[in-house]
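Trainee: I would like to see how this sequence folds:
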Amino acid sequence: MLTRSASWKLAIIITALIATGTVTELFFFHPMATPTPDKSSSPSYFNYLVVVVLENKNLNQVYGASCSGNCSYITQLADSYALAENYSGVAHTSMPNYMTLTSGGNYSYSPYTYNCYGFFNDTCQVTSKNIVDAIEQTGRTWKVYITNYGSSGCRVMQVPPFVYYTDLYYNTTRCSKIVDASPLGHTQRWDVIPTALLSDLNNIAAAPNFMWLTPSGCDTGYCVRNSTNVISSLCGHDSTTFAACVSQSNEYLSLIVPKILDSAIFRTKNALLFITWDEGAGINGFGDICPNRGQTYPTCIDTIPAILVGSHVKGGFKSNISFSHYSFVKTLEVAWNTSLLDGNSPLLQKATPMTVFFEGATPANGGQQFPHVNWVVVDLLRRGRLS
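Mentor: Numbering: from 1, shown residues only. Prediction:
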């Protein structure tokens, strides 16, 4: 509790700030580096996009008071920028979610719901349109950064699923754009800094417009580790290991997000960071949300976090409008004036774009903007530095 002297000092400071018109800037601000966007380019919601997808957690398990482990950074980030509170995965298990995120198509059926049984074959190969097709049609560029990948090129792996699209897998030029996220540290198992991504983000002349980052298994919250070793390849054997997985992802984001936001692209251009999870943990026995294998959305809402961070994102904004992975793709379509609609995309056609999260959009029903908390001032008060 503040002493009477400290209270008077704080009141005097606030009064002076109000008089000079700077109180809002001091008490309500983004706790990260504040980008200065390039407003001379197109009026797109964003011109650069970084996507980070983590694993197998519902919103209430990684955000806020109900968090299963340490999610302090995730909560701070979501509260400071923008959070979709009613965003859903589309199926169990992982692969259909990644397929939807990279195409807008519905792959919520076997063999995709069984992650193609770990094989790459004719049954799992996809000839339909994907986001790489759509991005290139607009004249924009892209790159995929995979942690512990080893080298560039197309290699069969379930996450991310870019190699399952035949027009990518059989195209050597496109395959060359799938690279190791950290070439000098590709044997590291956790807290892996994506040096290749950060290097591109600090090279304005060469930075791709679309950047997809796949973290390591432990950083996505999929495997369990202690301070020295991976102790389980799967997360969630019990509440203790599940909480550890949550804390690992929180730690990882606290390391890489500030570096992304402090990059040249985010400081000077109209860039967006989109962080989400592939699916919730119901199928793994944690929580009771959509516990069965197969399609979830739209009949079962598998609520997962979706956090938007960027210079044109409304600060402290939350929306409970119904969104899903289809909405992510729809947003890309709207922002970059492209289309992914084909015979496998009826849910994409019906999806609501996430444009409400950007400045200039009206919140309407299901949106509310909250003041930012100045975490520096809060910390000073907590430590008694204003006494």
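Trainee: so what's residue 179 up against?
Mentor: Under the criterion of CB atoms under 8 Å, 6 or more residues apart in numbering, the neighbours of residue 179 are 143, 144, 145, 146, 149, 151, 152, 196. Every residue, glycine included, has its C-beta placed from N, CA and C.
Trainee: now flag whichever of those residues is closest to residue 106.
Mentor: Distance to residue 106, by CB to CB, is smallest for residue 144 among the contacts of residue 179, at 22.2 Å.
Trainee: surely the closest one and residue 214 touch.
Mentor: Yes - between residue 144 and residue 214 there is a contact under CB atoms under 8 Å: 7.4 Å.
Trainee: and for those two, which residues touch both?
Mentor: Jointly contacting residue 144 and residue 214 under the rule CB under 8 Å, 6+ apart are residue 160.
Trainee: now do stretch 56-76: distance from first to last residue.
Mentor: Stretch 56-76 has an end-to-end distance of 20 Å (criterion: CA to CA, to the nearest Å).
Trainee: where's the residue lying closest to residue 218 once chain neighbours are set aside relative to residue 104, distance?
Mentor: Excluding its sequence neighbours, the residue lying closest to residue 218 (CB to CB, 6 or more residues apart in numbering) is residue 190, at 4.0 Å. Here the criterion is CB to CB, to the nearest Å. By it, residue 190 lies 32 Å from residue 104.
Trainee: comparing these two, which residue is more hemmed in?
Mentor: Using other CB atoms under 10 Å as the criterion, residue 190 and residue 104 rank with residue 104 on top: 30 against 17.
Trainee: let me see the ranges of the strands in the stretch 101-250 of the chain.
Mentor: Using DSSP state E, counting those that start in this stretch, the strands of the stretch 101-250 of the chain run over 142-146, 178-180, 210-214, 224-225, 230-232.
Trainee: from the chain's centroid, how far away is the lengthiest helix in the chain?
Mentor: For the chain, the longest helix by residue count, based on DSSP state H, is helix 239-261. Counting by CA atoms, centre = their mean, to the nearest Å, helix 239-261 is centred 12 Å from the centre of its parent chain.
Trainee: please renumber so the chain begins at 759
Mentor: Yep, numbering from 759; the last one is helix 997-1019 now.
Trainee: tilt between that helix and strand 968-972?
Mentor: Interaxial angle, helix 997-1019 versus strand 968-972 (axes from the mean of the first three to the mean of the last three CA atoms, to 10 degrees): 150 degrees.
Trainee: avg pLDDT for helix 997-1019?
Mentor: On average, the pLDDT along helix 997-1019 is 93.
Trainee: do the same with stretch 979-991
Mentor: For stretch 979-991, the per-residue pLDDT averages 74.
Trainee: how about residues contacting that stretch?
Mentor: 812-815, 820, 947-948, 975-976, 992-993, 995, 999, 1002-1004, 1006-1007, 1035.
Trainee: make it 6 Å
Mentor: The contact list for stretch 979-991 (CB atoms under 6 Å, 6 or more residues apart in numbering) reads 812, 813, 947, 948, 975, 976, 993, 999, 1002, 1003, 1006, 1007.
Trainee: ok, of those, which one's closest to residue 1031?
Mentor: Nearest member of the contacts of stretch 979-991 to residue 1031, counting by CB to CB, is residue 812, at 13.1 Å.
Trainee: who does that closest one bridge with?
Mentor: When assigned by DSSP bridges, residue 812 has beta-bridge partners residue 1035.
Trainee: thought it was touching residue 1036?
Mentor: No - using CB atoms under 6 Å, residue 812 makes no contact with residue 1036, being 7.4 Å away.
Trainee: which element is the most centrally placed residue in the chain on?
Mentor: Central residue of the chain (CA atoms, centre = their mean): residue 1033, 0.7 Å from the mean position. Residue 1033 belongs to strand 1029-1035 when assigned by DSSP states H and E.
Trainee: same check on residue 1097?
Mentor: Going by DSSP H and E, residue 1097 is not in any helix or strand.
Trainee: need the pLDDT of it.
Mentor: So residue 1097 comes in at 90 (pLDDT).
Trainee: likewise for residue 887?
Mentor: 92.
Trainee: distance of it from residue 978?
Mentor: Using CB to CB, residue 887 is found at 27 Å from residue 978.
Trainee: neighbour count for the two, which is higher?
Mentor: Ranked by neighbour count (other CB under 10 Å), residue 887 and residue 978 place residue 978 first, with 25 against 21.
Trainee: wait, what's in contact with the residue lying closest to the more buried one once chain neighbours are set aside?
Mentor: Spatial nearest neighbour of residue 978, chain neighbours left out: residue 813 (4.2 Å); criterion: CB to CB, 6+ apart. Neighbouring residues of residue 813 by CB under 6 Å, 6+ apart: 978, 979, 980, 1036.
Trainee: and the helices in this protein?
Mentor: Using DSSP H, the helices found in the chain span residues 762-778, 781-785, 817-820, 830-838, 852-859, 889-895, 924-927, 930-933, 953-959, 997-1019, 1022-1026, 1083-1094, 1104-1108, 1133-1141.
Trainee: ok, residue 942 - how many residues close by?
Mentor: Residues near residue 942, counting by other CB under 10 Å: 10.
Trainee: spatially nearest residue to it (excluding sequence neighbours)?
Mentor: Nearest to residue 942 is residue 953, by CB to CB, 6+ apart, at 6.6 Å.
Trainee: that neighbour contacts residue 940, correct?
Mentor: Yes - at 4.9 Å, residue 953 counts as touching residue 940 under the criterion of CB under 6 Å.
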